[in-house]
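[1] Based on what follows, work out the 3D shape:
(one chain, ligands or ions: 1)
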Amino acid sequence: MPTETTERGIILKHPNGPTTEILYYGATIISWKVADASGQLQERLFVSSKAYLDGSKPVRGGIPVVFPCFGPPTHPDHSKLPQHGFARNEIWKFDSVVMDNSAGVAVRLVLDPTANENIKSIYPNQFRLTYVVTLSAHQLATDLHVENTSTTATLEFQALLHTYIRAPADAVKVSPLQGLQYIDKTEASEEARATPKTEIRNEVDVKVFTDSVYENAPGKYHITWPNGGLEVKAKNFKDLVIWNPQQEGQKIGDMEADGWKNYICVEPGYVRGFVKLEPQKQWLGQQVLTVVQ
Ligand SMILES: O=P(O)(O)OC[C@H]1O[C@H](O)[C@H](O)[C@@H](O)[C@@H]1O
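    Residues are numbered from 1 along each chain as shown. Coordinates of the predicted model:
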């Protein structure tokens with residue numbers, strides 16, 4: 001069977017061998033395996049061995065869905081929300097298999113707040129989220145559809161896919177980001193954090209503590225390291241966050257010892273400013289990961 005449902009989520013299996021696993025909790029993708037040049041299936045995402053997969057805490061790794069705020073809330077509608085919003089720590093519902101052929105396997109999950117008392121108690125707005133995950137031979141596509149179900153109010157939100165790519169942090173490089181403005185969240189003072197910098201590097205690395213928010217990024221990125229690489233494509237996610245905590249990672253309770261050495265977070269999102277979605281309209285943010293052998 002190309003899709004298998006388990007107690008905790010859904011496993012997609014492509015006829016050529018690749019697999020991916022999605023938890024109902026947060027619609028978090030926790031595994032994506034694609035064969036390497038020798039034909040061996042290799043895990044492409046990083047999940048901390050200390051991550052909670054039981055729904056008690058957002059998953060430390062994989063691809064958590066960030067909505068409707070990125071980081072600590074700043075919008076008045078978000079004042080009761082935790083860091084990165086609620087989408088990553090709510091139970092999503094499996095809706096349907098939307099594609100199942102030799103090109104790929106795709107499923108749709110939904111987060112609908114109308115029957116969710118927790119969301120209603122912390123978030124006043126009307127919306128519906130639909131997440132379509134498509135596994136093809138060398139690709140994993142994740143489409144986040146945001147629907148404003150209100151007939152009168154504009155929905156203002158941020159959204160991001162917090163992708164933990166399994167890669168050696170001392171050797172991984174990201175391009176092309178040269179010339180872009182970015183916010184450096186590692187700066188000590190609020191003033192310095194609020195002052196955009198210009199990226200001068202041809203290839204960005206994470207050899208030091210990195211937490212950068214690139215604005216109006218090009219939407220197609222090369223992530224490379226010795227003997228490996230991924231292409232990340234983004235649609236309507238105009239910004240890109242690059243994060244690796246280095247030694248600071250030791251302070252993260254659910255991060256395994258030295259876990260920061262084994263990943264880079266490359267996070268396409270709309271996080272500088274807010275998407276302003278008119279009543280009854282839909283918005284789509286898409287990420288496509290492609291293995292480069
Ligand atoms: O610990 P979390 O809430 O999952 O956030 C993990 C990280 O997410 C993003 O990459 C932010 O830019 C970082 O500032 C933050 O530390």
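[2] Which of the helices or strands spans the residue of the stretch 101-250 of the chain found nearest the ligand?
    Of all residues in the stretch 101-250 of the chain, residue 243 sits closest to the ligand, at 3.4 Å by C-beta to the nearest ligand atom. Glycine gets a C-beta too; all of them are placed from N, C-alpha and C. Here residue 243 sits within strand 239-244, counting by DSSP states H and E.
[3] which is the next helix or strand following that strand?
    Next helix or strand after strand 239-244 toward the C-terminus (DSSP H and E): strand 263-277.
[4] hang on, the earlier thing: which parts of the strand holding residue 243 are buried?
    Neighbour-count burial for strand 239-244 flags 239, 240, 241, 242, 243, 244 (criterion: 16 or more other C-beta atoms under 10 Å).
[5] Which other helices and strands does it contact?
    Secondary-structure packing of strand 239-244 (3 or more C-beta pairs under 8 Å, 6 or more residues apart in numbering; DSSP states H and E): strand 210-214, strand 263-277.
[6] can you list those strands in TSV and add mean pLDDT?
    Below are the helices and strands packed on strand 239-244 laid out as TSV (pLDDT from 0 to 100):
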stretch	mean pLDDT
strand 210-214	98
strand 263-277	98
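[7] can you tell which of those is closest to residue 34?
    strand 263-277 (16.5 Å; C-beta to C-beta).
[8] what's the burial count for the closest residue to residue 181 other than its chain neighbours?
    Spatially, and ignoring its direct neighbours in sequence, residue 181 is nearest to residue 196 (4.3 Å; C-beta to C-beta, 6 or more residues apart in numbering). Residue 196 is flanked by 13 other residues according to other C-beta atoms under 10 Å.
[9] I'd like the distance between residue 196 and residue 180.
    Remark: distance between residue 196 and residue 180 (C-beta to C-beta, to the nearest Å) = 9 Å.
[10] anything in contact with each of these two?
    residue 215 (C-beta atoms under 8 Å, 6 or more residues apart in numbering).
[11] Quick check: residues of the chain near the ligand?
    For the chain, the residues in contact with the ligand (C-beta under 6 Å from any ligand atom) are 58, 71, 83, 84, 185, 211, 241, 243, 265, 267.
[12] rerun that using 5 Å as the cut-off
    Counting by C-beta under 5 Å from any ligand atom, the residues of the chain close to the ligand are 83, 211, 241, 243.
[13] For the stretch 101-250 of the chain, which segments count as helices?
    117-122, 190-194 (DSSP state H, counting those that start in this stretch).
[14] and among the ones you listed, the most buried is which?
    Burial among the helices of the stretch 101-250 of the chain, expressed as mean neighbours by mean count of other C-beta atoms under 10 Å, is greatest for helix 117-122, which shows a mean of 12.
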